[in-house]
Structures are given as C-alpha cells and as structure tokens.
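A.B. asks: how would this look folded up:
(one chain, ligands or ions: 1)
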Amino acid sequence: MVAVLDAWLDLVHGSRCVGCSAPGRLLCRRCASLLPRAALSVRPTPCPDGLAPCWAAGEYADLLRVLVLAHKERRAFALARPLGHVLAQVVHGIPGLDGAGSQPLRLLVPVPSRPAVVRGRGHDPMLRITRAAATELRHAGCPVRVARLLRQRLPMGDQSGLSHAERAANLHDSLAVAPGPLRATARLGRDVVAVVCDDVLTTGATAREAQRALEDVGIPVAAVGCVAATRKRNARSGPSSLPFSTQAD
Ligand SMILES: [Zn+2]
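C.D. replies: Take a look at the predicted model:
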C-alpha cells in the first residue's frame, strides 16, 4: 500500500532530489558531488571482542542518512547506484584490498535483512547496494564477487532502542551461512576473503555476528565495509560524543 502511495506521489509531484529537493533526478549532480569518496577507519565504542577492522565513508548524518533511508524505506531504487559507488570507494580504500591482483577473490557479503522486512519493503536494500558496488569495483579491475552467504537463522526482534549488551545477546547465533551459496563458493576453487557489507555501523554487534558465522565455516573476514557509521548519543557527554575513533585513511 505504501509503495502504491509512493508511486502516486511521484507521479503527481514529479521527481525531486532527496538531498536538496531540486526538481529532476533523485540525486542531483551537485548533491552527488558532495558524497564522500573515502574509507574512514571506524571503531564502535564499546567494540565487540574480535571485530574485524571496520571502514565507512562517513558519519550516518545529513546526505548519507537521507540517501540510505530513501533507498531503504521509500524504495528509491535509483539511489542504489550512488550508494554502491560510496560503498565501492570504501572497499577500494581498505588497506590490503585496494590492489587489482587476482588473489584472493574478495567476497562482498551483504548483511541480510530479515525476510519479513524484505517482504515489507519489497526489496533487500543492502543486496542492491552491494551489487552496485561490485559492478563498479569489477570495472576498476578489482577481483570481487557478491556472495549471499548469510541468512537469518532465528526470528529476531527489532534491534532499535536496545542497549549494546541487549543487542549482542539478541543477535548471537542469529545468522548462519546458507549451504547452497557455501558450496558455490567452494566450487570457485580460489582463495577468498570476505568483506561484510552493511549500510550503517552502529554498535558493531550485527557485523560481529556476520563475521562469526563466516569464520565458523572457514571463510576469513578481512574487514567490515559500511556506507556510514553512527555517532552515539550520550546524555552525559553531549549530543555528539564520538563512539568511533575515526581517522582518514
Ligand atoms: Zn540535490
């Protein structure tokens, strides 16, 4: 029903830039030029034990946030490409993965949405973004492949509003590697290394759970690559305390 409403609104009001509301394309040239093109080293605080190095293009705010939400919640599919471009820059900027050498094959592993969420939204936003990123990276000569290895194992409650500890407990064993995609990966007959791909890094608990599931079946995880990372809202230290140590690559 919401999809029908969105389509009707677009038809009546025409398309506007999600960043600045200028009429025309969903992301105008000016806003597109403002998108970050870098990989920042980010780290949740507190950080889940053993979490692989995490990288993101920037803070989950302003244009990045608007883009992620419009793509995810409003099915603005045309935004998968610019978001994929941002993710591609992140993956390309991860030290050790930036070369165009043939080995190992980089598996971009999107964190899956829950099936009910995919049904509700009518698409799997992270899969769409990851595919767009992989297409761009392949054109740049990077040996990458999207691997839909992860699936949700347990029905899981809404993660929003949970504390760090509650979120970690809720997530433990929530992801598993699907046998079919795992066999397909084995048949590649190549050394592989995984990059867990997600849209927003918050506590790192989801990324850590994805990493655990992959490592449990012997797939090494080199890094976590995200479009954006959140800043923690902490009443004690003000509205913009930094949960992440961020540093330019
Ligand atoms: Zn704009």
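A.B. asks: got a list of what A56 touches?
C.D. replies: The contact partners of A56, by Cβ atoms under 8 Å, 6 or more residues apart in numbering, come to A39, L40, V42, V90, L201, G225, C226, V227, A228, A229. For glycine as for every other residue, the C-beta is placed from the backbone atoms N, C-alpha and C.
A.B. asks: which of those has the most neighbours?
C.D. replies: The most crowded member of the contacts of A56, judged by other Cβ atoms under 10 Å, is G225 (32 neighbours).
A.B. asks: Quick check: it vs the ion, distance?
C.D. replies: When distance is defined by Cβ to the ion, to the nearest Å, G225 is 25 Å away from the ion.
A.B. asks: hang on, the earlier thing: narrow the contacts of A56 to those in strands?
C.D. replies: Under the assignment DSSP state E, the contacts of A56 contribute L40, V42, L201, G225, C226, V227, A228, A229 to strands.
A.B. asks: Let's verify the residue nearest the centre of the chain: helix, strand, or coil?
C.D. replies: Residue closest to the average C-alpha location in the chain (Cα atoms, centre = their mean): D198, at 2.0 Å. Following DSSP: H, G, I helix; E, B strand; the rest coil, we place D198 in the strand state.
A.B. asks: For it, give the beta-bridge partners.
C.D. replies: On the basis of DSSP bridges, D198 is bridged to C226.
A.B. asks: Run a quick check on it versus G204, I expect a contact.
C.D. replies: No: here D198 does not reach G204: they are 9.9 Å apart, not a contact under Cβ atoms under 8 Å.
A.B. asks: hey, what's in contact with both of the two?
C.D. replies: V224.
A.B. asks: Report pLDDT for T45.
C.D. replies: Per-residue pLDDT puts T45 at 90.
A.B. asks: ignore the last one, V111
C.D. replies: Here the pLDDT value assigned to V111 is 96.
A.B. asks: to the chain's geometric centre, what's the distance from stretch 71-80?
C.D. replies: Taking Cα atoms, centre = their mean, to the nearest Å, one finds the center of stretch 71-80 at 14 Å from the center of the full chain.
A.B. asks: ok, now stretch 33-42?
C.D. replies: Relative to its chain's centre, stretch 33-42 lies at 14 Å (Cα atoms, centre = their mean).
A.B. asks: Now do the same contact list for the nearest residue to E73 once chain neighbours are set aside.
C.D. replies: Spatially, and ignoring its direct neighbours in sequence, E73 is nearest to R121 (7.0 Å; Cβ to Cβ, 6 or more residues apart in numbering). By Cβ under 8 Å, 6+ apart, the residues touching R121 are K72, E73, R75, S113.
A.B. asks: Is it possible to get CSV of the residues you listed that adds distance to R190 and neighbour count?
C.D. replies: Converted to CSV, those look like this (distance: Cβ to Cβ, whole Å; neighbours: other Cβ atoms under 10 Å):
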residue, distance to R190, neighbour count
K72, 32, 22
E73, 37, 13
R75, 35, 18
S113, 28, 19
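A.B. asks: Now render the residues you listed as TSV, adding secondary structure.
C.D. replies: What follows is these, written out as TSV (three-state DSSP):
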residue	secondary structure
K72	helix
E73	helix
R75	coil
S113	coil
